[in-house]
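**Student:** Just to be clear, the model below is a prediction. Sequence and coordinates:
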Amino acid sequence: MSTTGPELILRVSDAKGVEGMPKHTGAVLAGHVVFKTVQAGSVLGLGLAPLIRLRSKTPRPLLVALTRPAGMGTLLGIPLGLAAFAARSYQMDADGVDDRAYRIVNNAGQVEVDRYAGFGAFVGSLVGNFALPGGNILVRMWRGGSVGVAVGVGAYVLGRMEETKDLRQSVVDGLEKMKSGL
């Protein structure tokens, strides 16, 4: 009998000896889905923060107004990610989970953006602890870390844009040469 559904999170790969295959493929896949929804929530929350601040009837300090939506987006990303994994897991079999987990772990860009986001969360938590007003240290660190996740993702994207600028220019130059040769 094949395992499907949320119990796939407990899956231990039976693909022994495959180079680069994670042992707990279900946990890798579930963690990936949750971390992606957390990243998306923090980026979306931070992006919407100025609009939310403009429309708010309650004046808040600037740092709170910017970090609160990012924190809420991150917080919502956790159950949304788990729900997305649970819903998708009914359509996957064990081999599909192993394949996807293998590709996640061995995708250099994926690993790098997660490192940027993780580092951003760490630094943001430290900064949030000292820079944000309020009494609850966990809330300050959560909000700061949420902004850090968004900043980490943004830094990765901007870095990739800079790396690919030369490639894009080469493609444009090649197309112009082709067009002039016709």
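**Tutor:** Yep, that arrived.

**Student:** Gly45 contacts Ala65, correct?
**Tutor:** No - here Gly45 lies out of contact with Ala65, judged by C-beta atoms under 8 Å, at a distance of 11.6 Å. Any C-beta I mention is one placed from the backbone N, CA and C, and that applies to glycine too.

**Student:** who's more crowded, these two?
**Tutor:** With neighbours defined as other C-beta atoms under 10 Å, Gly45 and Ala65 compare such that Gly45 has more, 27 against 17.

**Student:** So for Gly174, what pLDDT did the model give?
**Tutor:** Per-residue confidence for Gly174 comes out at a pLDDT of 75.

**Student:** now it: how far from Lys57?
**Tutor:** Gly174 sits 55 Å away from Lys57 when distances are taken as C-beta to C-beta, to the nearest Å.

**Student:** Next secondary structure after the host helix or strand of Leu63?
**Tutor:** Secondary structure from DSSP states H and E places Leu63 in helix 62-89. On the C-terminal side of helix 62-89, the nearest following helix or strand under DSSP H and E is helix 94-105.

**Student:** How far does that following helix sit from its chain's centre?
**Tutor:** Counting by C-alpha atoms, centre = their mean, to the nearest Å, helix 94-105 is centred 18 Å from the centre of its parent chain.

**Student:** Dump it to PDB, restricted to CA.
**Tutor:** Output of helix 94-105 as PDB, limited to C-alpha atoms (Å, rounded to 0.1, in the frame of the first residue of the first chain):
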ATOM      1  CA  ALA A  94       6.400   8.100  -2.200                       C
ATOM      2  CA  ASP A  95       8.600   8.300  -5.300                       C
ATOM      3  CA  GLY A  96       7.200  11.800  -6.100                       C
ATOM      4  CA  VAL A  97       8.100  13.000  -2.600                       C
ATOM      5  CA  ASP A  98      11.600  11.500  -2.900                       C
ATOM      6  CA  ASP A  99      12.100  13.100  -6.300                       C
ATOM      7  CA  ARG A 100      10.900  16.500  -5.200                       C
ATOM      8  CA  ALA A 101      13.000  16.400  -2.000                       C
ATOM      9  CA  TYR A 102      16.100  15.400  -4.000                       C
ATOM     10  CA  ARG A 103      15.600  18.300  -6.400                       C
ATOM     11  CA  ILE A 104      15.000  20.800  -3.500                       C
ATOM     12  CA  VAL A 105      18.100  19.800  -1.700                       C
END
